[in-house]
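# what follows is a predicted protein model with its sequence.
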Amino acid sequence: MKKTLLLIIFSMALFVLYAQPGILDKSFGDTGIVLTNANGLINKIALQSDGKIIGAGAGNFDSQPPFLLIRYNMDGTIDSSFGNDGVTGNPLQHEIIGVAMQSNDEALTVSSYSSNIQVAKYKKDGKLDSSFGTSGNVVTTIGSNLTAPVNIILQPDYKIIVGGYIINAPNQGRQGFIVRYLADGSVDESFGNNGIVIVGEKNGDKSFGTAYAIGLQPDGKILMSALFNNDGVVYRFNTDGSIDNNFGTNGKAAFQQSDERVKSFIAYSLVVQADGKIVGGGSSLKNQFSTDFTYMAVARLNTDGSIDSSFGNNGLQDVAFGKDPGNGRTILLQDDGKIIITGRTYNVNQTYSHLALARFNSNGEPDSTFGNNGQVITDVQGYADGNDALLQKDKKILLAGDSFIGSEIGGKSYCLVARYNNNLSQKQILITKIKRWLQHHNGFTWDANSSINKYIVQRSYDGIHFNSIARINASNTSNYTYQDQSPLTGTNYYRLQTTSKSGAVNYSNVIAVSNYDIKLSPNPATNSLQIQGLPPNQKIKLTVVDIAGNIAISQQLTANGNKSFNLNIASLKQGNYLLKIETNGDVVTKQFVKQ
C-alpha cells in the first residue's frame, strides 16, 4: 500500500482559536475531565475566591480515612495543601449532601446524622472550625423520624438555611422542613417555630411528597421545590418563615399543569432571574415512543407564581437526547439570560449513562450556538452522572458527579469533575504554533517565544487523551524541533503544553500524522461519503464525531477488494465532522463537511 504522510492541523477556529461553547476545556486535567479513584462521589461543588474547587460528597481516597471534602486546583489537580493531602473528613458526617461557601472561603456543609441533620463548618485549610457549634458541628433534631436534607444556602446577612424532608411511617405523608441558623450555628428562634418550619401535616395531609431543592430570592424570601399530588410545585416563604399567601395559591405554585404531553415536572434546582422570575431545572415525565419517559427539562414561573407561558412550550421546555431519557440536576443562569441545565442521559435498560448539558435562550428555545444544537453529551466510558454544576468567573462550566467504570464486580467508582468552554467571544491564547518538520514524518518544529519557560511534548492516539512524552526547557535557540523516535501505530496526534515564566499554562495547536493513503470524496458531501484506501479484507470500525465530541455515526464493516466504502451520512446535520477509521490497532482521522 502506498504510504503518504497525512497531516491534519486542527488550528481551525472551531477547534483551537475559539473556546467553542459546550466543548470540553482541555486545559483542565488531560482531557477536560478529572477522575479521582475514590470509591465515592461528589454531590455538590463550590468555588473559593481564588478559583479552587471544593467537591463535597463521600468516599475513600488513596488509602486515607473516608473523605467528605476534596479540593482541586484550577487545572484539575488535587490541592495537597488542603486537609490531609487534598481531602478532609469529619467523624460525624457520613455523606455531605450540600455545601455553601462563605466569603472568607470557609465551607458550610449539611448531612444526615442518625435521624437528625448535621451542619459543619470547615476552615479554608480543610480543618473544622471549633468556634462553630460544638467542635465545628451542629446537630438538629426536627422530629422523631428520619430527616433528609437536600441543600444548604447562605443569606447575605450570613444566616444559614437548610431545607429537606421528613420520612415518616409508610402510612404517613412526608413533610418538608426549613431550618435557619445564625452565623455561629445556633438556631435562629425568630424564624418559624423556634427556628424550624414544617410543611405538610404528618397524619392528615398525606399528599405532600419529597422536597427536592431550596432557593433564595433577592428580597430574602425562601423557595422550596417539592412533589405534591405527583405534581412539581414551589412553596414560597416570607423572611420570618411564614407562608407567602401572595404567591400562587396559598403560597404554592405548580410549574406545569398536567396534560396529554407532560404528565409532571419536578425541579431539582431553583434559580431566580434578575426580573424575579423563578426557573426550575429538573425532569419531566412525558409520553414518548408509546411509553412514559423522563426527560431533562426547564420550567419558568412569573414572580406571582403563575406559569410563564412565554417560556418554551407553555412554560416548560424539555430536552430529548435522541431517543434516550434524561434527568436534569442543576440549573445555571448566565448574565446574558441564557439558561443551562446539567445532568445525565441514559438508555432505558440503564446499561450506560452519559453526562449531559443543554443551553436555552432566555425564551426557552434551544441555543444552537452551544454544543450540537444546544445539547452536549459526554461519554466517560462508564456509568456517569452529573450531580451538580456551577459557572466560574470566566463563565466556564464546571460539572461534578461520579462515574462507575468496569464490570459490576471489580469495577471502580470515581469522583468526577469536568469543565466545558462556554464563551464563543473568548479566544484561547495560542502562544506557540507547531508545524510539520519536513525531514521527519513524526517530527514537528516551532518558533521560540521569549515568554515561555518550558515546553512539554504531548501525544495522543485519538486527539483527545494526551500523554506527556518529553520535556524541553527553554533556551536561547530561535526555533525548536522534536522527533518522535517511537511513534504509535496508526495516527499520532501531537501538541505542546507551554508554561510561561509567570506560571501560566497554555497549549499549541494539534497536528495529526498518519501513514494511510485514505481519501474522502466528495468533500463537502451531501448524502453519501466515499472512503477510499481502506486496507482490504480487514475488520474496520468507522466513527463520525461532531465538533462537540459527540458520536454521530458508529459502524463496523469489512473492506471489500476495491478498498473503498460508501458511508451513508444523510442523517447528519450540516456542519464539520471528523471520521475516525480504526483497524488492527491503527487509527486514522479525516475531516469532512456535510452540506
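Received the coordinates, thanks.

# OK, contacts around residue 365?
312, 317 (CB atoms under 8 Å, 6 or more residues apart in numbering). Every residue, glycine included, has its C-beta placed from N, CA and C.

# oh, I was asking about residue 103
With CB under 8 Å, 6+ apart, residue 103 has these contacts: residue 49.

# and it, what element?
In the assignment (DSSP states H and E), residue 103 maps to no helix and no strand.

# residue numbering should commence at 884 henceforth.
Sure, I'll start numbering at 884, so the last one becomes residue 986.

# that one and residue 1037, how far apart?
9 Å (CB to CB, to the nearest Å).

# please apply the same query to residue 1472.
48 Å.

# more crowded one of those two?
Neighbours were counted for residue 1472 and for residue 1037 using other CB atoms under 10 Å; residue 1472 has more, 22 against 16.

# ok, the more buried one touching residue 1465?
No - between residue 1472 and residue 1465 there is no contact under CB atoms under 8 Å: 9.7 Å.

# what about the strands in the stretch 984-1133 of the chain?
990-996, 999-1005, 1020-1023, 1029-1037, 1043-1050, 1058-1064, 1079-1082, 1091-1099, 1105-1111, 1114-1120 (DSSP state E, counting those that start in this stretch).

# residue 924: which of those is closest?
strand 990-996 (13.6 Å; CB to CB).

# what packs against that closest one?
strand 936-942, strand 950-955, strand 979-984, strand 999-1005, strand 1029-1037 (3 or more CB pairs under 8 Å, 6 or more residues apart in numbering; DSSP states H and E).

# which strands border it, and is each parallel or antiparallel?
Applying DSSP bridges, strand 990-996 is found paired with strand 979-984 (antiparallel), strand 999-1005 (antiparallel).

# for it, give the mean pLDDT please.
In this model, strand 990-996 has an average pLDDT of 94.

# now do the buried residues in that strand.
Of the residues in strand 990-996, 990-996 count as buried by neighbour count, 16 or more other CB atoms under 10 Å.

# which residues does the residue nearest to residue 1083 when sequence neighbours are not counted contact?
Leaving aside its chain neighbours, residue 1083 sits nearest to residue 1091 (3.2 Å; criterion: CB to CB, 6 or more residues apart in numbering). By CB under 8 Å, 6+ apart, the contact list for residue 1091 reads 1056-1059, 1082-1083, 1109-1111.

# can you give me the pLDDT of residue 1091?
Among the per-residue scores, residue 1091 holds a pLDDT of 72.

# how close does it get to residue 1410?
55 Å.

# now swap in residue 1300 and tell me
From residue 1300 to residue 1410 the distance is 41 Å (CB to CB).

# those two: who's more crowded?
Taking other CB under 10 Å, residue 1300 and residue 1410 do not tie; residue 1300 has more neighbours (23 against 12).

# which pLDDT value goes with the more buried one?
The predicted local confidence for residue 1300 is 97.

# in the helix or strand containing it, what's buried?
Using DSSP H and E, the element containing residue 1300 is strand 1295-1303. Buried residues in strand 1295-1303, counted by 16+ other CB under 10 Å: 1296-1303.

# could you do stretch 1092-1102 as well?
For stretch 1092-1102, by 16+ other CB under 10 Å, it's 1092-1100.

# please put the alpha-carbon coordinates of that stretch into CSV.
The C-alpha trace of stretch 1092-1102 is given here as CSV (Å, rounded to 0.1, in the frame of the first residue of the first chain):
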residue,chain,number,x,y,z
GLY,A,1092,-44.2,14.1,48.8
THR,A,1093,-40.5,14.9,48.8
ALA,A,1094,-38.7,18.2,48.9
TYR,A,1095,-36.0,18.5,46.2
ALA,A,1096,-34.5,21.9,46.3
ILE,A,1097,-34.4,25.3,48.1
GLY,A,1098,-33.7,28.7,46.8
LEU,A,1099,-33.4,32.3,47.9
GLN,A,1100,-34.9,35.4,46.3
PRO,A,1101,-33.0,38.8,46.5
ASP,A,1102,-35.7,40.1,48.9
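
# partners of residue 907 in the sheet?
residue 1303.

# and the closest residue to residue 1033 other than its chain neighbours, what is it in contact with?
If the residues on either side of it in the chain are set aside, residue 1033 comes closest to residue 1047, at 4.9 Å by CB to CB, 6+ apart. Contact partners of residue 1047, counting by CB under 8 Å, 6+ apart, are 1000, 1030-1033, 1059-1060, 1094.

# any idea how far residue 1047 lies from residue 1030?
Residue 1047 is 6 Å from residue 1030, by CB to CB.

# please apply the same query to residue 1216.
Taken as CB to CB, the span from residue 1216 to residue 1030 is 29 Å.

# what about the closest residue in space to residue 1075 that isn't next to it in sequence, how many neighbours?
With CB to CB, 6+ apart as the criterion, residue 1075 has its nearest non-adjacent residue at 3.3 Å, and that residue is residue 1124. Neighbour count of residue 1124, defined by other CB under 10 Å: 18.

# flag whichever of the contacts of residue 1091 scores worst on pLDDT.
residue 1056 (74).

# and for that residue, the neighbour number?
With other CB under 10 Å as criterion, residue 1056 counts 18.

# kindly report the same for residue 1231.
Neighbour tally, residue 1231, other CB under 10 Å: 11.

# quick one: the residue lying closest to it once chain neighbours are set aside and residue 1435, what's the gap?
In this structure, residue 1231 finds its nearest non-sequential neighbour in residue 1208, 6.6 Å apart by CB to CB, 6+ apart. Using CB to CB, residue 1208 is found at 20 Å from residue 1435.

# and those two? Which one has more around it.
residue 1208 (23 against 18).

# am I right that the more buried one is in contact with residue 1180?
No - the criterion here is CB under 8 Å, and residue 1208 misses it with residue 1180 at 11.1 Å.

# out of the contacts of residue 1091, which is most surrounded?
Result: residue 1109 is most packed of those (other CB under 10 Å), 27 neighbours.

# so what's it up against?
With the criterion set at CB under 8 Å, 6+ apart, residue 1109 makes contact with 1048, 1059, 1082, 1091-1095, 1115-1118.

# please apply the same query to residue 1150.
Counted by CB under 8 Å, 6+ apart, residue 1150 has contacts 1095-1096, 1108, 1115, 1117, 1138, 1163-1165, 1182, 1214.

# now swap in residue 1042 and tell me
1063-1066, 1071.

# and for residue 943?
921-923, 949-950 are the contacts of residue 943 under CB under 8 Å, 6+ apart.

# equivalent analysis for residue 1227, please.
Taking CB under 8 Å, 6+ apart as the test, what residue 1227 contacts is 1209-1210, 1212, 1236-1239, 1267-1269, 1284.

# give me that answer again for 7 Å
Counting by CB atoms under 7 Å, 6 or more residues apart in numbering, residue 1227 makes contact with 1209-1210, 1236-1239, 1267-1269.

# what pLDDT does it get?
95.

# low-confidence stretches in the stretch 1184-1333 of the chain?
Along the stretch 1184-1333 of the chain, segments meeting pLDDT under 70 span 1290-1293, 1307-1314, 1321-1324.

# tell me the domain ranges of the protein?
Domain assignment for the chain, taken from automatic domain parsing, gives 889-894+1311-1396, 1399-1477.

# which of the ones you listed has the lowest mean pLDDT?
Taking the mean pLDDT of those, domain 889-894+1311-1396 comes last: a mean of 76.

# please state the offset of that domain from the chain centre?
29 Å (CA atoms, centre = their mean, to the nearest Å).

# angle of the helix or strand encompassing residue 1281 against strand 936-942?
Residue 1281 belongs to strand 1280-1288 when assigned by DSSP H and E. Put simply, strand 1280-1288 runs at 30 degrees to strand 936-942, going by axes from the mean of the first three to the mean of the last three CA atoms, to 10 degrees.

# show me what strand 1280-1288 is packed up against.
strand 924-930, strand 1266-1274, strand 1295-1303 (3 or more CB pairs under 7 Å, 6 or more residues apart in numbering; DSSP states H and E).
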